[in-house]
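**Student:** model the structure of this input:
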Amino acid sequence: MSEEGEPRPAPAPEPGKETEAEPGSKRRTVSDPAALKALAHPLRLKILRHLATSGPATSTTLATALGENTGTLSYHLRRLESGGFIEDVPERPNSRERWWRAVRGLDIRRPAQDQMTDAEQAVAGTLDRMRLDEDIELARRFTEEQARSEGWMRGSRSLSHLTKDEVTAFHDAYLDLLARYARGPEDAPPDAKPVLLRWFALPTE
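**Tutor:** Numbering: from 1, shown residues only. Presented below is the predicted three-dimensional model:
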């Protein structure tokens, strides 16, 4: 599901690094364009978001939650598994159905634009447009609902003069902060809610 879905090391990332993380988990970097292609489908993003929000699920429970048939869900689950984004739940080995959870500790990074083929760049563009549509809707919700959210919706805007290295350092510090507060539904206290977090930086010109 960072969803909906998810922090650091590895190759120098593009500005649009995405992460799904949980505290105490070993970080694993995913930057293979073939694996990232598995993300460029709206239903797969919904599956990851549901797993990140509600915890482990089977194809049957996912089909009910997302309004799809189990055959369709099973296909997309296999694609996410082959991309390394979901895995079996080891605590439920004897279940009649496979239980799936989002892989913990992923550091998802896109290769630099000049390292991707035209087809891979097209896939990245598709994923960007899907993310943009979601972020526009989140921004609308924030504008309309923040005042009555009782403190659940928070945000900040600012401007500074930074070097490119400082922008990268700020981004990595943000990911460290995400890792510090990252938690899955199984580990969350009773009064916790799934909270979507976003940040981006861009020059004024």
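
**Student:** residues contacting residue 73?
**Tutor:** Remark: with contacts taken as CB atoms under 8 Å, 6 or more residues apart in numbering, residue 73 is in contact with 47, 59, 62-63, 66. Where C-beta positions appear, they are placed from N, C-alpha and C, glycine not excepted.

**Student:** where's it relative to residue 38, distance?
**Tutor:** As defined by CB to CB, to the nearest Å, residue 73 lies at a distance of 14 Å from residue 38.

**Student:** again, but for residue 100
**Tutor:** When CB to CB is the yardstick, residue 100 and residue 38 sit 14 Å from each other.

**Student:** check residue 155 too.
**Tutor:** Look at residue 155 and residue 38: by CB to CB, they are 31 Å apart.

**Student:** okay, the two: which has more neighbours?
**Tutor:** Of the pair residue 155 and residue 38, residue 38 is the one with more neighbours under other CB atoms under 10 Å, namely 22 against 10.

**Student:** what about the residue nearest to that one when sequence neighbours are not counted, how many residues nearby?
**Tutor:** For residue 38, the nearest residue in space outside its immediate sequence neighbours is residue 83; the separation is 3.3 Å by CB to CB, 6 or more residues apart in numbering. Other residues lying near residue 83 total 18 when counted by other CB under 10 Å.

**Student:** residue 83: what's it in contact with?
**Tutor:** For residue 83, the contacting residues are 30, 34-39, by CB under 8 Å, 6+ apart.

**Student:** buried ones among these?
**Tutor:** Neighbour counting with 16 or more other CB atoms under 10 Å marks 30, 36-39 as buried within those.

**Student:** among those residues, which two are most distant?
**Tutor:** Within these, 30 and 37 form the most distant pair, 11.5 Å apart (CB to CB).

**Student:** quick one on the thing from earlier: in helices only, show me the contacts of residue 73.
**Tutor:** Within the contacts of residue 73, residues falling in helices by DSSP state H are 47, 59, 62-63, 66.

**Student:** now render those residues as CSV, adding distance to residue 163, pLDDT and neighbour count.
**Tutor:** What follows is these, written out as CSV (distance: CB to CB, whole Å; pLDDT from 0 to 100; neighbours: other CB atoms under 10 Å):
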residue, distance to residue 163, pLDDT, neighbour count
47, 39, 94, 29
59, 48, 92, 23
62, 45, 94, 23
63, 49, 93, 17
66, 44, 94, 16
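
**Student:** reformat those residues as a markdown table; add distance to residue 129.
**Tutor:** Output for the ones in helices among the contacts of residue 73, formatted as a markdown table (distance: CB to CB, whole Å):
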| residue | distance to residue 129 |
| --- | --- |
| 47 | 19 |
| 59 | 27 |
| 62 | 24 |
| 63 | 26 |
| 66 | 21 |
